[in-house]
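Trainee: Predicted model and sequence below, questions to follow.
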Amino acid sequence: MRTCNSGATTTEAVVATDAVALRRSVAAGAVGVFVHWFDWAAYAYLAGTVATVFFPAENSTTGLLAVFGVFAVSFGIRPVGALVFGPLGDRIGRKRTLSLVIFMMSGATLTIGLLPGYASIGVAAPVLLVLLRLIQGFAAGGEFGSAASFLAESAPRRRRGFGVSWLEVGSLLGFLAGSFAFLLLSTGLDDGQLTSWGWRVPFLVSAPLGVIGFIIRNKIEDTPEYRMLEANDSVPRSPARELMRSHKRQLLQAAGLMAAMHVPFYAVLTYLVTYETDHLGHSADSAALLSTVISLLGLVLVPLFGLLSDRVGRKPVFVGATAALLVVSTPAFLLMRTGLAGTWIAGLLLGVILAAILGTYAVWSAETFPTRTRQSGLSIAYNVTAALFAGTVPYLMTVLISVTGSTLVPGPYLMVFAVAGLVAALSLRETAGSALLRPEDMPEDMPENVPENVPEDVPEAAAAEVR
């Protein structure tokens, strides 16, 4: 009887410790994503003011195009950051790259907030702005892979989907916070105040957030899986080469999942605002309100879908979501033509589908790769697909509608990426509840160190620590 009570007490203690560890790892993983998306939203919404401050005043259109050009360049350099920070994280650990990327992002953001404008230092102002945005983009290329690897390897096995889903909660919160900051500034300040100092506030505010994030990340331990690689002298020397040599299939599968996330994300949360005002005749306030409500809905649904994927599996949730996107996309844009009510119904429906994708794609992608190359695979797949498909959504939609003359173009475009996601998902095995350390992660003469038979009621991280 004593043995049973002792066992129950031990299990309860492990579960309690595990809950604390999960909260700590979620905070460490999601804070950098929050800072990144807060900065992204603030820069996007303040583009007109930034153009006035940093570019010659003779031609406002040219200045605005230049600001968006700087935005695109910072997006395009992310794959370079992924190629650096992904393999680096597989070589030196998740914790160190997490700390490094948030330090770089926050430092560049703070400097932008302090940067003199064109009227003060002339052409040096836009040059420095470009340089700082490049630093931000380069560091952002390492954020997702570091954070997703860390969260996947820190979360308990049976709640891994729930834990990793908070990465996207951080994204949505950052996006909403940036939008809210712009709303406060635009309503509380006149144009002169906004141009002279108001635009700097979001960039200066994000700096202490970054410092807090750096402190949190610097105090955490690295993941049990990575520490086991170190203990067994199994840290890869060339993870990118190993990835391309042995795991190209997994890289393509993860890229398919991520492409099916990127395009709906930008179409629903960013482009839809432009679509409503330019093609449906709705007011900017109504369009912005719908985008905000969809984001708030996502904050609730994303972790619930992550939790559901822990219960029923990644494949049923993700396949169901991408199949729904395939079926619903074009009818949704037809429904938007019927009026404001139809637009809201269609937008909310697309938002629910997007939340299901956001709740599962990151954890499934993380579970697809072995530990030795996980951060490399996640970083490269995420940032290459983002550069190719995410940032181009507004531009391509505008061009395709202009060329075809049809405002239904976004529907078939979403369907293409729904198919890509379905193909990738159907080619993948179910991974919910699986061990992240695999035989190929360990030296051939030490297979006993691979935790393949961890009891279901014991968190994976705790079991790894025992070993």
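Mentor: Great, that's in hand. Residues are numbered from 1 along each chain as shown.
Trainee: Could you point out the helix or strand that follows the host helix or strand of Leu354?
Mentor: Taking DSSP states H and E as the definition, Leu354 sits inside helix 340-358. Past helix 340-358, further along toward the C-terminus, the next helix or strand under DSSP H and E is helix 361-368.
Trainee: Convert the helix or strand that that next one is followed by to CSV, retaining C-alpha atoms only.
Mentor: Using DSSP H and E, the helix or strand that directly follows helix 361-368 along the chain is helix 374-385. Below are the C-alpha coordinates for helix 374-385, written out as CSV (Å, rounded to 0.1, in the frame of the first residue of the first chain):
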residue,chain,number,x,y,z
ARG,A,374,15.1,19.9,-35.8
GLN,A,375,15.9,23.6,-35.6
SER,A,376,17.6,23.6,-39.0
GLY,A,377,14.6,22.0,-40.7
LEU,A,378,12.0,24.2,-38.9
SER,A,379,13.9,27.4,-39.6
ILE,A,380,14.6,26.7,-43.3
ALA,A,381,11.1,25.4,-44.1
TYR,A,382,9.3,28.2,-42.3
ASN,A,383,11.4,31.1,-43.6
VAL,A,384,11.8,30.0,-47.2
THR,A,385,8.0,29.4,-47.6
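Trainee: which residues touch the nearest residue to Asn218 once chain neighbours are set aside?
Mentor: Of all residues not flanking Asn218 in the chain, Ser99 sits nearest, at 5.1 Å (Cβ to Cβ, 6 or more residues apart in numbering). The C-beta positions use only the backbone N, C-alpha and C, and glycine is treated the same way. Applying Cβ atoms under 8 Å, 6 or more residues apart in numbering, we find Ser99 in contact with Phe214, Arg217, Asn218.
Trainee: In which helix or strand does the last one reside?
Mentor: Read it as Asn218. helix 200-219.
Trainee: quick revisit: give me the element the residue nearest to Asn218 is part of.
Mentor: Per DSSP H and E: helix 94-114 holds Ser99.
Trainee: could you give the mean pLDDT of that helix?
Mentor: Across helix 94-114, the average pLDDT comes to 92.
Trainee: tell me the mean pLDDT for stretch 184-194?
Mentor: Mean predicted confidence for stretch 184-194 is 87.
Trainee: Enumerate the positions of that stretch that are buried.
Mentor: Leu185, Leu189, Leu194 (16 or more other Cβ atoms under 10 Å).
Trainee: Can you give me the end-to-end span of it?
Mentor: Taking Cα to Cα, to the nearest Å as the measure, stretch 184-194 stretches 11 Å from start to finish.
Trainee: quick one: contacts of it?
Mentor: Contact with stretch 184-194 is made by Leu46, Thr49, Gly198, Trp199, Val201, Pro202, as judged by Cβ under 8 Å, 6+ apart.
Trainee: Of the contacts of Ser99 - the most surrounded one?
Mentor: Arg217 (26 neighbours; other Cβ atoms under 10 Å).
Trainee: so how far is Leu335 from that residue?
Mentor: As for Arg217, its distance to Leu335 is 44 Å (criterion: Cβ to Cβ, to the nearest Å).
Trainee: cool, Thr49 as well?
Mentor: Going from Thr49 to Leu335 by Cβ to Cβ gives 35 Å.
Trainee: Phe318 now?
Mentor: To Leu335, Phe318 is 24 Å away according to Cβ to Cβ.
Trainee: do the same with Ala51
Mentor: Separation of Ala51 from Leu335 (Cβ to Cβ) stands at 36 Å.
Trainee: repeat for Met228
Mentor: For Met228 relative to Leu335 (Cβ to Cβ), the value is 51 Å.
Trainee: and those two? which has more neighbours close in?
Mentor: Using other Cβ under 10 Å, the more surrounded residue of Met228 and Leu335 is Met228, with 21 against 18.
Trainee: what angle do the strand or helix carrying that one and helix 94-114 make?
Mentor: Assigned by DSSP H and E, Met228 belongs to helix 224-231. Here the directions of helix 224-231 and helix 94-114 differ by 120 degrees (axes from the mean of the first three to the mean of the last three Cα atoms, to 10 degrees).
Trainee: and the next helix-or-strand element following helix 224-231 with helix 374-385, angle?
Mentor: Where DSSP H and E defines the elements, the next helix or strand beyond helix 224-231 is helix 239-246. Interaxial angle, helix 239-246 versus helix 374-385 (the same axes, to 10 degrees): 80 degrees.
Trainee: so where's the chain shaky on pLDDT?
Mentor: 1-22, 57-72, 444-467 (pLDDT under 70).
Trainee: Go again with 80.
Mentor: Low-confidence segments of the chain (pLDDT under 80): 1-25, 44, 47-48, 56-75, 391-392, 394-395, 442-467.
Trainee: give the contact list for Phe144.
Mentor: The neighbours of Phe144, taking Cβ under 8 Å, 6+ apart as the test, are Val33, Leu167, Ala362, Leu378, Ser379, Tyr382, Asn383.
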